[in-house]
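**Q** quick one: sequence plus predicted model below, questions after.
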Amino acid sequence: MSASELHEFGGVPAVAARAWRLASPLQCASTAAVGGGIGVRDWVLNAQVPGDYRRRDVGAHVAEVATALGLSGTGVGMLTAARVAAAVAAEEGGVEVEATVGLERPVWAAAPDDAMAWVEPAAPGTVNIVVFLPVCHTDAALANLLCTATEAKVQALLGAGLAGTGTASDAVTVLCPPSGGSGAEPFGGPRSEFGSRAARAVYAALCSGMATR
């Protein structure tokens, strides 16, 4: 996995950020609001914002941070109010994970609307998870891995006794080498070879992050 760089800002409208400058473009699946979806990406950014963050032009904000860091090409931008300097990492069988763990505003995913009224649509806090896989996967497998990583996150939260499945703005980004032909892994569920490794690495990272909050 490309090592993340930690940056702290003065005049840029972010407090700090972790950035991955990928040595070569990787195939990506992401739930991030900026650069999410499935496709080839050149960089990944996890930017820390203040706890009272209220900007709605998040695409423009991520572009400002990316420009300040000299990131070029197409990337994924995630935001969190968690301290990116306190990001936690875990590795399992070649699968590498880094996560920021912000759980100040946990919610239940299936809570009724009236129970969610106090939550801003993009409320800060935010668990952001980045997963690097050592081998190429199909787009379907990458999409499945987003679910697998989320399931592992919820397992960690419930195991810690947290009353919620996450925050309202959590994001997951999964990356792998681009497919060079017919050899891509077709599965990404929790019992697939690399899905199971990703799940254990995400679980370990979340447990570590909650223990040090």
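**A** Good, I have the coordinates. Numbers count the residues shown, from 1 in each chain.

**Q** how about the helices in the chain?
**A** For the chain, the helices defined by DSSP state H cover 58-69, 139-159, 193-211.

**Q** quick check: angle from the last one to helix 139-159?
**A** Just to be clear, that refers to helix 193-211. Put simply, helix 193-211 runs at 30 degrees to helix 139-159, going by axes from the mean of the first three to the mean of the last three CA atoms, to 10 degrees.

**Q** in the helix or strand of the chain with the lowest mean pLDDT, what's buried?
**A** Sorted by mean pLDDT, DSSP states H and E, the helices and strands of the chain end with strand 5-8, the least confident at a mean of 90. Buried residues in strand 5-8, counted by 16 or more other CB atoms under 10 Å: His7. All C-beta spots, glycine's among them, are computed from the backbone N, C-alpha and C.

**Q** quote the end-to-end distance of stretch 70-80.
**A** 21 Å (CA to CA, to the nearest Å).

**Q** and the contacts of that stretch?
**A** 19, 21, 25, 28, 30, 32-36, 39-49, 53, 58-59, 61-63, 65-66, 100, 102, 124-128, 169, 171, 173 (CB atoms under 8 Å, 6 or more residues apart in numbering).

**Q** can you tell me which residues contact the residue nearest to the spatial centre of the chain?
**A** The residue lying closest to the centre of the chain (CA atoms, centre = their mean) is Ile129, at 2.8 Å. By CB under 8 Å, 6+ apart, the contact set of Ile129 is Val97, Glu98, Ala99, Ala149, Lys153, Asp170, Ala171, Val172, Thr173, Val202, Ala205.

**Q** what about 7 Å?
**A** Each residue near Ile129 by CB atoms under 7 Å, 6 or more residues apart in numbering is listed here: Val97, Ala99, Ala149, Lys153, Val172, Val202.

**Q** going along the chain, name the strands of the chain.
**A** Along the chain, counting by DSSP state E, strands occupy 5-8, 16-30, 37-48, 75-80, 88-92, 95-101, 127-132, 171-176.

**Q** so which of those comes closest to Met210?
**A** Across these, the minimum distance to Met210, taken as CB to CB, is reached by strand 95-101, at 5.9 Å.

**Q** now that closest one: buried residues?
**A** Using 16+ other CB under 10 Å as the test for burial, strand 95-101 gives Val95, Glu96, Val97, Glu98, Ala99, Thr100, Val101.

**Q** who are the packing partners of that strand?
**A** Under the contact definition 3 or more CB pairs under 7 Å, 6 or more residues apart in numbering; DSSP states H and E, strand 95-101 sits against strand 88-92, strand 127-132, helix 193-211.

**Q** show me where this protein dips below the pLDDT cut-off.
**A** When residues are selected by pLDDT under 70, those of the chain lie in 1-2, 10-14, 115-124, 180-182, 213.
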